[in-house]
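>>> Using only what follows, build the 3D model:
(chains A and B, ligands or ions: 2)
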Amino acid sequence: MGTVKNWQIGREMEYPFPESRPRRQFAAVFDLNKCIGCQTCTMACKTTWTVGKGQEYMLWNNVETKPYGGYPMGWDVTRLERLGPQTWEGDRYTGKTLFEAAPAGEPMVKHLPEELDWAHPNAGEDEAAGTLDRGAYFTMPVHGMWSFYLPRICMHCTYPACVAACPRQAIYKRPEDGIVLVDQSRCRGYRECVQACPYGKVLYNPVLRISQKCIGCFPAVEQGTQPRCVTTCIGKIRLMGFLSPPDQARADRPMDFLVHARKVALPLYPQFGLEGNIYYIPPVNVPRGFLRQMFGPGTDGAIETYLRGKDDPELLGLLHLFGDAKEILESFRTFPTTGEAAGYDGKGREIVRVPVKEPDYLRPFYDAARQVYRHNIT
Amino acid sequence: MRARRLPLALLALIFALGLAAAEAQQAALQVPFVKTAIPVDPGWTGWKAAPAVQVPLMPQAVAQPWNLTPSIKQLRVQAVHNGTWIAFRISWKDATKNAVMYTDSFRDAVALMVPVGKAAPIIMGGPGERVLILHWKADWQEDIDRTFQDIAQLYPNAWQDWYPFVAGEPPYDITAWTNPEARRYLTGWVLGNPRSQPDKRTAVEEQIAEGFSTLTTTERQSAVGKGVYADGAWHVVIARPFAAGDPNDPAWRPGRSAPVAFAAWDGGAKEIGARKAISDWITLKLGAVGR
Ligand code: SF4
Ligand code: SF4
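Ligands and ions are numbered 1, 2, ... in the order given. Predicted coordinates:
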């Protein structure tokens, strides 16, 4: 048992292995305000990685509708219930992580989903949190009725529960990029990892009788390309990159900027203690209590920063680089005079440049040349 | 650090209890010499004459995850040898046969462990103190007795229109996945993971270990076995040549004594891996080769 620093909970915590951060950490930011629930990411992942025998039910990337959806069903509420009410004091988590709440003889709190829990990836889809009272209508900024899409992949955690749980040490975190992999020749299908991962992101292949999980599209990442679920995203809600620990953050690196500098992208259930590396920009129209439970004490600040984004050229510029390049952006810059944002590779070469604001064109209501009225003035 | 001290204290307690129980119930196991070939069959009539011992099992509470309330309390063990082969017959009561694994279910299994050298720690050996482990698994037995548990067997009502790079018709039996592009998706099979092989030769996996988390399948597989479930009990035969020309051959030979230990898993109680019941070492008294 080691004591490790988990910056997401603002303190040290117990973990079965000593702290050993990778040279670079795979990370991504998903902007939940923009996800349209189209499942293009899910299908991109599915057709790339899980079309084999025993993978029929497997979705390494899934998109569920909150508050009711979940794949596997109840992955989140089972853990929240096991932990019970816990506390934060400011940015410091004073409750118990899943490791610290472990029963005797177990490295952490575990839960084995039942077979049918995997059978309803779309349960709760598009369902709002409740029914509308007669006469109610949307009031901004927080809707009386709400729901939102939550796209999820493996978090490639800094302190992975799957690694901690495997009695065979068949799961490892790569020092070169922090991607977490199950060694397919060493795994024996014990499913300790399936029970351990609170995000439900290790899945058992009943034909090959071993466990499998999201591989962070490592063959693409090794070539400097962002994963399939990122590059195919219709809503351009995703950006993948490498994240530094807070004390080494550099504001010109996209992940560091969003997570550490602006703190607009937040971890998912930081109280679990895994220091996951998929970060979310919280949806602005959802009640704060729900969001604070999911994303921790940074929620209010993140939403305020996001809503002020139109006055923050750097943030606005970077948000416009989401989904605009296949390559991994190592750094970015904004150009206030031209109103552009650009992304660069590791050698400082420009990969992509986009206008942050489209130019305005004003056209007359009646187009005499074509003898038509314009209904759309953009 | 607190979490570390507890298992050691508990371990001492369990071992004290376990040893006391072992002394009370176990004589050494006499392993008579037989002149014939030994069929790999728990129903072989030769077993009737073989002496038996009851081997008590205790919780595995050294390596996480522990199994403080194991389901299987004792094994009935017999053994014979014919000078070349040694065979064990292990029986235990189990109310349910668990031989098929879905995402949330586990299979029954039993294993025996022998030091490769003179002796080894009971905790699956230790660094430089290697043990040989022969592990019988009910799901492998099912693969052999019936057919490999493919999707069509696991989920008879499932339908999959298409798998990329696979020719043929639904249900696209796994043995028809010959295209190398398709085979990439069968990771465990392609990488030689014994669990994932559709063409299993026997239900026993031969392995070595030098402590917990070091279990490794041996290059050469010399053990064979067969399990039969009948009347609420498993009866499993595990056999191996004394010497297979393998560096991992144990030091057991006719006319000598050798230690052996056992472990058992009840799939119905979700026991697998470290979640097992284990015995202490017991002594095999191997009869001399006669005529
Ligand atoms: S999300 Fe789950 S599977 Fe992925 S690294 Fe973390 S614990 Fe492991
Ligand atoms: S492709 Fe993008 S917009 Fe569509 S569901 Fe996935 S994350 Fe959401």
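
>>> all helices of the chain, in order?
Because you didn't say which chain, this covers chain A. Counting by DSSP state H, chain A has helices at residues A:40-49, A:75-83, A:161-165, A:192-196, A:218-221, A:228-231, A:254-256, A:288-295, A:299-307, A:313-319.

>>> hmm, I had chain B in mind actually
B:2-25, B:138-145, B:151-154, B:180-183, B:187-190.

>>> And the pLDDT at A:Asp133?
With respect to pLDDT, A:Asp133 has a value of 68.

>>> Up against chain A, what does the stretch 51-200 of chain B have?
B:61, B:63-66, B:68, B:101-106, B:139, B:149-151, B:154, B:158, B:160, B:163-164, B:172, B:174, B:177, B:182, B:184-189, B:191-193, B:195-196 (Cβ under 8 Å from any Cβ of the partner chain). Glycine gets a C-beta too; all of them are placed from N, C-alpha and C.

>>> B:Val55 pairs with what?
Listed beta-bridge partners, B:Val55: B:Leu75 (assigned using DSSP bridges).

>>> how near is the residue of the stretch 201-350 of chain A found nearest ligand 2 to ligand 1?
Residue nearest to ligand 2 within the stretch 201-350 of chain A: A:Gly235 (3.0 Å; Cβ to the nearest ligand atom). A:Gly235 sits at a distance of 22 Å from ligand 1 (criterion: Cβ to the nearest ligand atom, to the nearest Å).

>>> and if you look at A:Thr337?
42 Å.

>>> Next, find the distance separating that residue from A:Phe290.
41 Å (Cβ to Cβ, to the nearest Å).

>>> So those two - more neighbours on which side?
A:Phe290 (17 against 5; other Cβ atoms under 10 Å in any protein chain shown).

>>> show me what contacts that one?
When contacts are counted by Cβ atoms under 8 Å, 6 or more residues apart in numbering or on different chains, A:Phe290 touches A:66-67.

>>> Next: A:Glu275.
Contacts of A:Glu275 (Cβ under 8 Å, 6+ apart): A:6-8, A:157-159, A:267.

>>> Was I right to think B:Ser222 contacts B:Pro241?
Yes: counting by Cβ atoms under 8 Å, B:Ser222 touches B:Pro241, with 5.8 Å between them.

>>> With neighbour numbers in mind, choose between the two.
Taking other Cβ under 10 Å, B:Ser222 and B:Pro241 do not tie; B:Ser222 has more neighbours (19 against 15).

>>> How about the contacts made by the more buried one?
B:206, B:240-241, B:244, B:246.

>>> Out of those, the closest to chain A would be?
B:Glu206 (14.5 Å; Cβ to the nearest Cβ).

>>> need the contact list for that closest one.
B:132-135, B:217-218, B:220-223, B:240.

>>> correct me, but B:Glu60 touches B:Lys276?
Heads up, residue B:60 is Gln, not Glu. Yes: counting by Cβ under 8 Å, B:Gln60 touches B:Lys276, with 5.0 Å between them.

>>> what is in contact with these two at once?
Shared contacts of B:Gln60 and B:Lys276, counting by Cβ under 8 Å, 6+ apart, come down to B:67, B:70, B:263.

>>> Point to the residue nearest the middle of chain A.
In chain A, the centroid-proximal residue (Cα atoms, centre = their mean) is A:Ile278; its distance is 3.5 Å.

>>> In contact with the closest residue in space to that one that isn't next to it in sequence, which residues are there?
Leaving aside its chain neighbours, A:Ile278 sits nearest to A:Met155 (4.8 Å; criterion: Cβ to Cβ, 6 or more residues apart in numbering or on different chains). Going by Cβ under 8 Å, 6+ apart, A:Met155 touches A:199, A:201, A:268, A:274, A:276-278.

>>> repeat that with 10 Å
A:26-28, A:161, A:180, A:197-199, A:201, A:214, A:267-269, A:272, A:274-279 (Cβ atoms under 10 Å, 6 or more residues apart in numbering or on different chains).

>>> Could you list the low-pLDDT ranges of the chain?
Unless you meant another one, I'm taking chain A. Within chain A, the stretches with pLDDT under 70 are A:132-143, A:376-378.

>>> wait, chain B
Those would be B:1-27, B:291, if you go by pLDDT under 70 across chain B.

>>> which residues of it fall in strands?
B:29-31, B:52-56, B:58-59, B:74-81, B:85-93, B:109-115, B:131-137, B:204-209, B:216-217, B:224-230, B:233-241, B:257-265, B:277-278, B:282-286 (DSSP state E).

>>> What about B:Asp49, how many residues nearby?
If you look again at residue B:49, you'll see it is Ala, not Asp. With other Cβ under 10 Å as criterion, B:Ala49 counts 10.

>>> and the closest residue to it other than its chain neighbours, what does it touch?
Distance criterion Cβ to Cβ, 6+ apart; nearest residue to B:Ala49, sequence neighbours excluded, is B:Pro32 at 7.7 Å. Applying Cβ under 10 Å, 6+ apart, we find B:Pro32 in contact with B:46, B:49-51, B:78-82, B:285-287, B:290.
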